[in-house]
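# sharing a model that was predicted from the sequence below.
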Number of protein chains: 2
Amino acid sequence: MERILNNRTPNFIGKPVKVSGWVDTRRDHGKIVFLDLLDRSGILQIVCSPDLVREIHNEDVLEVEGNVQERPANMVNPNLETGKVEVSAEKVKILAKAQTLPFEIKDLKLTLPTLLDFRPLTLRNEKIRAIFKIQETILETFQKTLKDLGFTEFKSPTIVPANAEGGAAVFHIDYYNYDAYLAQSPQLYKQIMVGVFERVFTITSVYRAEPSVTTRHLSEYISLDAEMGFISSWEELLDTCEIVITNIFSQIQKENSAELKILGIELPKINEKIPRIKIREAQEKIFERTKRDNRKEPDLEPDDEKEICDFAKEKYNSDLIFITHYPTKKRPFYTHPDPEDKDYTLSFDLLCRGLEIVTGGQRINDYETLVSNIKKWGNNPGDFQYYLQAFKYGMPPEGGFALGLERITKQILGLENIREASIFPRDMERIDERLSVLQPKEKSKDAKKKTK
Amino acid sequence: MERILNNRTPNFIGKPVKVSGWVDTRRDHGKIVFLDLLDRSGILQIVCSPDLVREIHNEDVLEVEGNVQERPANMVNPNLETGKVEVSAEKVKILAKAQTLPFEIKDLKLTLPTLLDFRPLTLRNEKIRAIFKIQETILETFQKTLKDLGFTEFKSPTIVPANAEGGAAVFHIDYYNYDAYLAQSPQLYKQIMVGVFERVFTITSVYRAEPSVTTRHLSEYISLDAEMGFISSWEELLDTCEIVITNIFSQIQKENSAELKILGIELPKINEKIPRIKIREAQEKIFERTKRDNRKEPDLEPDDEKEICDFAKEKYNSDLIFITHYPTKKRPFYTHPDPEDKDYTLSFDLLCRGLEIVTGGQRINDYETLVSNIKKWGNNPGDFQYYLQAFKYGMPPEGGFALGLERITKQILGLENIREASIFPRDMERIDERLSVLQPKEKSKDAKKKTK
């Protein structure tokens, strides 16, 4: 007999089937035992005699043959796709035995570090699975929306020759006899690709070597990057970003209603259009509301980000707000200045519930201006000659934006720590296991010597 | 007026339009100039008076306003989507000026190193663009096929704590005060994820620090990895792999007929089923055919791979062939032995036109066997305790496979060097630019000191 998925059993009432999965729960009722069997399609109730499942416990992997029968009316579970049926087991085969569990997977009462120490096991928890099913929808909707808008997907490299953009700290790699680094963004590559396909996007790992632990930063994360040429105005970038975000929200609503229910959360609200406000106006509003005077700061502090999101929520009933026109000197060399006031740029961040989830803007596409800006920013144009080819030989007006996959997952789902939104989070204290356990300082130094 | 894409102009005959793009070709005919204007939708012919485009040359970026008109019958170009129309220009605006080109992009007669030195420019060549449009189809078809088969996509990390699998050389990263490495495959992570979602796939950068230059290897490449639980037999893995490959070929045929024509190539042939042959039988065949006696070798040499592909072509009219049952001692510790002969494994490679493009197999899912194999392979199970959790707590029979994106692109398109199938290839001599130019040895050593 061929295995069928649990969710197909309602089509087999009165018939024999073979199903398989993990034991999610076991309930003993004297002469009868109920097992909840979990496979990728969901839960199915198995009824059997105690003899058949004497030593079976949670997480054991079973193959069960039996007959599908309707449950008595008072036993129907309306919350389950298979809630009207059950399988009366005749044969139970153990495909793999689980050792005694260190904790109940169903009901995790662990601190985050312990949750992560046992990640291969805790990922099986229903709520944690729900997070990553929703993350998959974010990934796919980003791709699909941009494909429909005429974008071409390309794969960006992660090993780079130099820390081109400046700013964030980078990881150094021993690259044969040379120095190389892990990319902090695919920025320069996606701009080059605008010269090839006009509209492009890429999904890639990026890296930040910041020596600090916060609830908002990871050492490795997934960047969803889009870049488009022939923009008629820089607002086209915000419009495109808005389409992507709106589609992500509506697609989650459509595909992940079960997961949203499991997590017990509501998606952030977008009220028709996402409001757009210049940073200086935002700071003015914050000053009015709190008397905190950050009106000359080049960026919003975490408290200011929260405050301006509160403002957007009150005034526009929106959990999202675009902050635009960041000061020129705080943005990278390629950022396009505002023609109306060159101290500011055609740049934007999108805040969601108090945290930045997207950053973007128009870029300088004129070769001479770009070269002169590289110098102004204290860099050597010679170090950028590869990238500059794209501009030397004809680049249309262009710009783009980048979403942090884990950031947006965290903000949409209201998670406290970004590590909860990364399947295998990396930070300065952890790569899978805690580094201090894996490599006590002494051992680490020895290992380093050996690799040199 | 809003810009329309070139390929929409046939719907606007007799009407004014605005189009934009790069100048692909300029042809002067006395009182009239023809420009081929290229945008992401294709080529459009512009006719104008010489005055309007006096200093315009190839790769200049233009915005053109004018009227769409039918071409005279003898001027129709049947090879062009817009071949029946042209735009008679009234206004030409230069969006960006290109400097004098170092070579003709249309007709590249450059060696591969020079092609790569000028990658931002040479990527604009029609044939090179075609390669990466087809690569995009491979990516998307891999995703879509597996999604339809109930697989969940997840993102695998690229920073790993140790060189777990052994074998290939790895890149070392300075990770805060610790040692870390670039992943050579997402193998252990995708296996963990089978315990979570049963069927998973991931698309991720992987790294090989092999200090050699060949036409088949890159230092960074994209791995398309699938892994599935509850397999009824290991042949299910080959069947699934076959579905993925068959779909990739048919999807390219459907979506990329234009690109295939540009490249002037035919896709490899699959004759219903891909033939499957054990390595020992393959070696016997090769011995019969060539008198080369490699019948005791654990793997096929490049010449043997070519020979067995010739055999498959002659006997089965197939450009692909599965080689199965590689010897146990040459495969990683997690490879499932063949129950009928433990010196061999339930593993396979898929060869296409003389080169391996997929590798896969069933894995050991029993915890105790896995631990004992880790020891037998000379490793310490303590170093694998994170990964082993997935098996300690119930893992169904499972297996999977991995495609190299650049490898499959190279073989499908008959490219000579794998670097042609990577947008921004990395090898021991190059990261974008040649490393010897970027970092002369002396300079490199200095830089290294500084980063320590």
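Right, received. Where do you want to start?
# now the strands: where do they sit in the stretch 101-250 of chain A?
Under the criterion DSSP state E, counting those that start in this stretch, the stretch 101-250 of chain A contains strands at A:152-153, A:159-160, A:172-175, A:178-182, A:199-207, A:220-229.
# pull the helix or strand with minimum mean pLDDT from chain A.
In chain A, no helix or strand scores lower on mean pLDDT, DSSP states H and E than helix A:441-451, which sits at a mean of 45.
# give the buried residues for stretch A:125-138.
By neighbour count with 16 or more other CB atoms under 10 Å in any protein chain shown, stretch A:125-138 contains the buried residues A:125, A:128-138. Heads up, the C-betas are built off the backbone N, CA and C, glycines and all.
# now, which of those sits nearest chain B?
Nearest to chain B among those: A:Glu136, at 5.2 Å, using CB to the nearest CB.
# can I assume that closest one is in contact with B:Phe151?
No: assessed by CB atoms under 8 Å, A:Glu136 is found out of contact with B:Phe151, at 10.1 Å.
# about what we covered before: tabulate the strands of the stretch 101-250 of chain A (a markdown table), appending mean pLDDT, mean neighbour count and distance to chain B.
Below are the strands of the stretch 101-250 of chain A laid out as a markdown table (pLDDT from 0 to 100; neighbours: other CB atoms under 10 Å in any protein chain shown; distance: least, CB to the nearest CB, whole Å):
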| stretch | mean pLDDT | mean neighbour count | distance to chain B |
| --- | --- | --- | --- |
| strand A:152-153 | 98 | 19 | 5 |
| strand A:159-160 | 96 | 22 | 5 |
| strand A:172-175 | 93 | 20 | 5 |
| strand A:178-182 | 94 | 23 | 5 |
| strand A:199-207 | 98 | 24 | 5 |
| strand A:220-229 | 98 | 24 | 5 |
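# among those strands, which is nearest B:Asp239?
Shortest distance between B:Asp239 and those, using CB to CB, is found for strand A:152-153: 27.6 Å.
# ok now that closest one, how far from the chain's centre?
20 Å (CA atoms, centre = their mean, to the nearest Å).
# over to stretch A:52-71?
Here stretch A:52-71 is found 36 Å from its chain centre; the criterion is CA atoms, centre = their mean.
# then stretch A:27-47?
Put simply, stretch A:27-47 sits 33 Å off its chain's centre (CA atoms, centre = their mean).
# cool, and stretch A:118-135?
For stretch A:118-135, the distance to the chain centre is 13 Å (CA atoms, centre = their mean).
# that one: end-to-end distance?
21 Å (CA to CA, to the nearest Å).
# that one and chain B in contact?
Yes: Stretch A:118-135 reaches chain B (CB under 8 Å from any CB of the partner chain) through A:118-121, A:123-124, A:129, A:132-133, A:135.
# ok, those vs B:Arg276, which is closest?
Nearest to B:Arg276 among the residues of stretch A:118-135 next to chain B, counting by CB to CB, is A:Pro120 at 32.8 Å.
# and that closest one, what does it touch?
Going by CB atoms under 8 Å, 6 or more residues apart in numbering or on different chains, A:Pro120 touches B:192, B:195, B:386-387, B:389-390, B:393.
# ok, and the most crowded of the residues you listed?
Neighbour counts for the contacts of A:Pro120 peak at B:Ile192, which has 28 neighbours (criterion: other CB atoms under 10 Å in any protein chain shown).
# tell me how far it lies from B:Ser156.
Using CB to CB, to the nearest Å, B:Ile192 is found at 10 Å from B:Ser156.
# what's in contact with the longest strand along chain A?
Using DSSP state E, we find that the single longest strand of chain A is strand A:16-29. For strand A:16-29, the external contacting residues (CB under 8 Å, 6+ apart) are A:1-6, A:9, A:33-39, A:43-44, A:46, A:50, A:53, A:56-68, A:87, A:90, A:95, A:106, A:124, B:230, B:394, B:396.
# got the buried residues for it?
In strand A:16-29, counting by 16+ other CB under 10 Å, buried: A:17-24.
# so it versus strand B:220-229, what angle?
Relative orientation of strand A:16-29 with respect to strand B:220-229: 80 degrees, computed using axes from the mean of the first three to the mean of the last three CA atoms, to 10 degrees.
# could you list the alpha-carbon positions for strand A:16-29 in CSV?
C-alpha atoms of strand A:16-29 as CSV (Å, rounded to 0.1, in the frame of the first residue of the first chain):
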residue,chain,number,x,y,z
PRO,A,16,-7.7,0.9,4.4
VAL,A,17,-4.8,3.4,4.3
LYS,A,18,-1.2,3.7,5.2
VAL,A,19,-0.1,7.0,6.9
SER,A,20,3.2,8.0,8.6
GLY,A,21,4.5,10.8,10.7
TRP,A,22,5.8,11.8,14.2
VAL,A,23,3.9,11.1,17.4
ASP,A,24,2.7,14.6,18.5
THR,A,25,0.7,13.5,21.5
ARG,A,26,-0.3,10.2,23.2
ARG,A,27,-3.4,9.9,25.3
ASP,A,28,-4.1,6.7,27.2
HIS,A,29,-7.7,5.9,28.0
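# next secondary structure element downstream of it?
Using DSSP states H and E, the helix or strand that follows strand A:16-29 in sequence is strand A:32-39.
# quick one: average pLDDT of that following strand?
Strand A:32-39 shows a mean pLDDT of 97.
# and stretch A:249-257, by the same measure?
According to the model, stretch A:249-257 has a mean pLDDT of 97.
# show me what it is in contact with.
With contact meaning CB under 8 Å, 6+ apart, stretch A:249-257 is reached by A:130, A:133-134, A:137-138, A:140-141, A:260, A:267-268, A:270, A:412.
# flag whichever of those scores worst on pLDDT.
Sorting the contacts of stretch A:249-257 by pLDDT puts A:Ile270 at the bottom of the list (89).
# picking that back up, can you redo the contacts of A:Pro120 as JSON lines with secondary structure and distance to chain A?
As requested, the contacts of A:Pro120 are arranged in JSON lines below (DSSP: H, G, I helix; E, B strand; the rest coil; distance: CB to the nearest CB, whole Å):
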{"residue": "B:Ile192", "secondary structure": "helix", "distance to chain A": "5"}
{"residue": "B:Gly195", "secondary structure": "helix", "distance to chain A": "6"}
{"residue": "B:Tyr386", "secondary structure": "helix", "distance to chain A": "5"}
{"residue": "B:Tyr387", "secondary structure": "helix", "distance to chain A": "7"}
{"residue": "B:Gln389", "secondary structure": "helix", "distance to chain A": "4"}
{"residue": "B:Ala390", "secondary structure": "helix", "distance to chain A": "4"}
{"residue": "B:Tyr393", "secondary structure": "strand", "distance to chain A": "5"}
